[in-house]
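# below is the sequence, then the predicted model.
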Amino acid sequence: MTTTSTISTKPAVPEEKAGLSQGQIVRKRFMGNTAALISLALFLLILVLAYSAGGFFGLPGWWKYTYNEVNDLANGGEPTLQLFPFSLGDHPFGQDRLGRDTFAQTMRGVQISVAVMFIIGIVGGAIGVVVGAVSGFFRGRIEAVLMRLTDVVIVIPLIILAAVLGQLAARWIPAGIQPYFLGLFVGLVAWTGLARLVRAEFLSLREREFVDAARIAGASNARIIFKHILPNAVGVIIVSVTLSMSAAILLETSLSYIGMGVKAPDVSLGSLISQNQEAFSTRPWLFWWPGLFIVAICLCINFIGDGLRDAFDPRQKKFNVRKAGAAAAPDGGQRAADYRTKKASDG
Amino acid sequence: MVTYIVRRLFTAVLILLGASFLVYQLTALSGDPLADLRTSNQPNKEELIQQRIELLDLNVPAPIRYFHWLGGAAKCLVPFAGQCDLGFSITGQPVTEALGRAMGMTILLVSAAAILAVLIGVSLGIVTALRQYSTLDYGVTFMAFLFFSLPVFWVAVLLKEYVAIGFNNFLREPQIPLSSIIIISVVSAAIWFICARGTVPVRLKAAGVGFVLAGGVLWLLSATSWLSSPGLGLPVIAVTGAGIAFGATLLTAGLKNRRALYSSLTMVAVGIVVYFPIQPLLAQATGLMVFLLAVATILVGLGVGYVMGGYDRRQNMSAAVITSFLTAGLVLLDRYMQAWPAYFNNDRVNGRPIATIGAETPNLEGDFWVHGLDTFTHLLLPTIALLLISLASYSRYSRSSMLEIMNMDYIRTARAKGLGERTVVMRHAFRNALIPIATIVAYDIGGLIGGAVITERVFAFAGMGQLFIQALEHVDPNPVMGVFLVTGILALVFNLIADLVYSALDPRVRVKA
């Protein structure tokens, strides 16, 4: 992820008219996509709200309650949020049975879930890119070993790994930072789809003429990988990582829901729903707010990912749509990979 | 080809061995299998602990225990010997037994959702691809993304609250209030407007039709208290059957093909004629009988299509088979509806038919139809939950596949040589768009048997996912390994099948020999 963002702004082969870099073209196309822009804005808004209200890195937030503080039950814990006339009231999202403020809890849950999501995306993305790039570029025995390893990881159910790692984390790691380690551990196994995708991309790119030209000019393997192949594969990687993050947030919430993810006293959106589902008939707000935030975050990321896919897709140019349609494989592979990550989150 | 398959199977066995060793060790690492006994305050605690240690060989280190397990599991490879030994669960139950039961439940749970998801998802994807950038396309795309983003457990709780409990409350006094009728009609009008094609006046007319149709049907249902004693009756079957006949002919052969149309209509007529004679037979139905009747329906359809003759018998036959199958489905549905009052008033059900947990009402007494309805009401919610999620991916996937195909040169050629749009879409584009979807479906079947852990948990469905997760919670390696073995083998085998299917369907793709 860190390498990709710098490379994507590097001037590449001009596509539409002279003077526009690949990064500029992508940005322009993305800016033209209303749904993706709205989603990006909404996602940033949610992030700002969650981090400023709850506070982070030990900094206090502007909200008067913290997520684990037990207050007096006011008004039976009913939400005090009013839209007409707009007023927040004392507990806008209500309170749970013990009197904890639901708004503070939900904001904390958003912080944790989004952080875990980014960790899964970054760790999984980095491993996937390295494994895929190495096996696609060097081929031979390295490829065989790495791909069999990938197969083994695919076959092992993620829930087992999460359960084991969760147990170990509970024993060795203090409660406050456990969720981040959950993200790290899940990221360590959630890279298989991306690895296969990047490998396929590298396999086809390494046979292209510009790679031969670079090699004849005396470029080293490292230079060919980082300067010639990776910039061409960056679209596939960014899109796939983005969409895998939406699967990651669902995965985290699902794991927390079955009690193998984020555990008390930490809260995530999934664990909040899990704790409160029995109370649906008496205190539905405990259940609605975390769920709505999951759906909103996930929807935003899906739209952003789709916008990025369109922006990176060279076939978006209207005039050669038919010709480019023949090169069907990359997009098909992309879809299949998204699809699998999605499936994994259902369990 | 054979070398390829053998090589793939060989690597699959190696992968399975490696992965199963890891899974066994991880499960053993994940906690203390004696935890519940250590904290119990039963008088014979020590004895119980000894018993469990003996049952699960806990004195042997886990890496060695794995090879004991592997020795037992290897006996499963001998076919029909009945020596399959996957060990015992923590409660002393043989794993093979538990596994068999759980697999049956899971197949029951996932099969309806899988079939419906493929059918609906693929048709939605095809339609939206054919009408790219229309309101319909944007609407379906948004819905697909929304469904993608729904956590299944959250949806499940909402379904339980609003679909099950709400609908059960409604059934106590099944009168639809006027305000609800109007709201639903307006929604229906909006849907008709979005789906209709053409200028705004045309679409407004369609919206009007949608409004009147929905309102009329709802009013009729409410006025005749149809919901308490539902049924289709002969007229509805006849009219719907005729509609199906025209639709099936339109899709398979085109309405210009009179022979296909007449074969389909003949099948509807056959259905209507046998409706009354078959009722006494259906009264004492069994599963086998319904299956045989379905086979007979298909055979009759094939026969009628064949007898009708013409230059292209295949089209007649497929139109007739689709029509006859669906008409028979209507008759069957009608029979189930006739059993509804008996089910509804059964004292085990007690007027609250839609169930929120489990797979069946315990101790329910009744005939084949009542038990069928019972299964249906229990499967309804989990099927909807599973359906929503897989529907989204199928529709997106088939849309992109269809869009790609519709831009191909041979589609332009087909149009240029004067073929009708129906032939171009159904014969040239649709079939090729299905190739990548076929492989996705193959992957999917492999994954489905593993169960949907979350869905099974929410709906307390004792399938593979539940078995797995409960065993994992109790640090019970043998059931975990059993489930893993089934899912792992299926995943690897269906991966191979998907690759072979792709190369069989698409001659441009060759497997490396």
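Noted; the coordinates are in hand. Numbering: from 1, shown residues only, chains lettered A, B, ... in the order given.
# wondering if the helix or strand that contains B:Phe484 reaches chain A at all.
According to DSSP states H and E, B:Phe484 maps onto helix B:477-505. Yes. Helix B:477-505 lies within reach of chain A by Cβ under 8 Å from any Cβ of the partner chain, at B:Val480, B:Phe484, B:Thr487, B:Gly488, B:Ala491, B:Leu492. C-beta coordinates here come from the backbone N, C-alpha and C atoms, glycine included.
# measure how buried the nearest residue to the fourth one once chain neighbours are set aside is and give me the count.
Sequence neighbours aside, A:Val155 is the residue nearest to B:Gly488 in space, at 4.8 Å (criterion: Cβ to Cβ, 6 or more residues apart in numbering or on different chains). The local packing of A:Val155 (other Cβ atoms under 10 Å in any protein chain shown) involves 23 other residues.
# so who does A:Val155 touch?
B:Ile15, B:Leu16, B:Ala19, B:Gly488, B:Ala491, B:Leu492 (Cβ atoms under 8 Å, 6 or more residues apart in numbering or on different chains).
# surely the last one and B:Ile15 touch.
Yes. Here B:Leu492 reaches B:Ile15: they are 6.7 Å apart, a contact under Cβ atoms under 8 Å.
# okay, the residues of helix B:477-505 next to chain A in JSON lines with neighbour count and pLDDT next?
Shown next, in JSON lines, are the residues of helix B:477-505 next to chain A (neighbours: other Cβ atoms under 10 Å in any protein chain shown; pLDDT from 0 to 100):
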{"residue": "B:Val480", "neighbour count": "29", "pLDDT": "87"}
{"residue": "B:Phe484", "neighbour count": "24", "pLDDT": "88"}
{"residue": "B:Thr487", "neighbour count": "21", "pLDDT": "86"}
{"residue": "B:Gly488", "neighbour count": "24", "pLDDT": "86"}
{"residue": "B:Ala491", "neighbour count": "23", "pLDDT": "84"}
{"residue": "B:Leu492", "neighbour count": "22", "pLDDT": "86"}
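# state the distance from the residue of the stretch 101-250 of chain B found nearest chain A to B:Phe142.
Nearest residue of the stretch 101-250 of chain B to chain A, counting by Cβ to the nearest Cβ: B:Ser149, 3.5 Å away. Going from B:Ser149 to B:Phe142 by Cβ to Cβ, to the nearest Å gives 11 Å.
# just B:Met426 next, same as before
27 Å.
# one more: B:Gln279?
Distance from B:Gln279 to B:Phe142, by Cβ to Cβ: 46 Å.
# cool, B:Leu204 as well?
23 Å.
# what residues sit buried inside the helix or strand bottoming out on mean pLDDT in chain B?
In chain B, the helix or strand scored least confidently by mean pLDDT, DSSP states H and E is helix B:35-38, which has a mean of 75. Neighbour counts over helix B:35-38 (16 or more other Cβ atoms under 10 Å in any protein chain shown) mark B:Leu37 as buried.
# same check, this time on stretch B:466-474
Those would be B:Gln466, B:Leu467, B:Phe468, B:Ile469, B:Gln470, B:Ala471, B:Leu472, B:His474, for stretch B:466-474 by 16+ other Cβ under 10 Å.
# dump those into TSV; add distance to chain A, secondary structure and pLDDT as well.
Below are the buried residues of stretch B:466-474 laid out as TSV (distance: Cβ to the nearest Cβ, whole Å; DSSP: H, G, I helix; E, B strand; the rest coil; pLDDT from 0 to 100):
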residue	distance to chain A	secondary structure	pLDDT
B:Gln466	11	helix	87
B:Leu467	12	helix	88
B:Phe468	7	helix	87
B:Ile469	6	helix	85
B:Gln470	11	helix	86
B:Ala471	10	helix	86
B:Leu472	5	helix	84
B:His474	11	coil	83
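# could I get those residues as JSON lines with distance to B:Val95?
Formatted as JSON lines, these follow (distance: Cβ to Cβ, whole Å):
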{"residue": "B:Gln466", "distance to B:Val95": "14"}
{"residue": "B:Leu467", "distance to B:Val95": "9"}
{"residue": "B:Phe468", "distance to B:Val95": "12"}
{"residue": "B:Ile469", "distance to B:Val95": "15"}
{"residue": "B:Gln470", "distance to B:Val95": "13"}
{"residue": "B:Ala471", "distance to B:Val95": "9"}
{"residue": "B:Leu472", "distance to B:Val95": "14"}
{"residue": "B:His474", "distance to B:Val95": "13"}
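# report the two of these separated the most.
B:Gln466 and B:His474 (12.4 Å; Cβ to Cβ).
# doesn't A:Phe118 make contact with A:Val241?
No. Using Cβ under 8 Å, A:Val241 is not in contact with A:Phe118, being 10.2 Å away.
# please identify which of the two sits among more neighbours.
A:Val241 (24 against 17).
# wasn't that one part of a helix?
Yes. Going by DSSP: H, G, I helix; E, B strand; the rest coil, the assignment for A:Val241 places it inside a helix.
# in contact with the nearest residue to it once chain neighbours are set aside, which residues?
Of all residues not flanking A:Val241 in the chain, A:Gly125 sits nearest, at 4.2 Å (Cβ to Cβ, 6+ apart). By Cβ under 8 Å, 6+ apart, the contact list for A:Gly125 reads A:Met1, A:Trp191, A:Leu194, A:Ile237, A:Val241, A:Ser244.
# tell me the pLDDT of the residue nearest to B:Gly488.
A:Val155 is assigned 83 on the pLDDT scale.
# residues near A:Ile237, how many?
Neighbours of A:Ile237 (other Cβ under 10 Å): 25.
# ok, it - contacts?
A:Thr4, A:Gly125, A:Val129, A:Leu194, A:Leu197, A:Val198.
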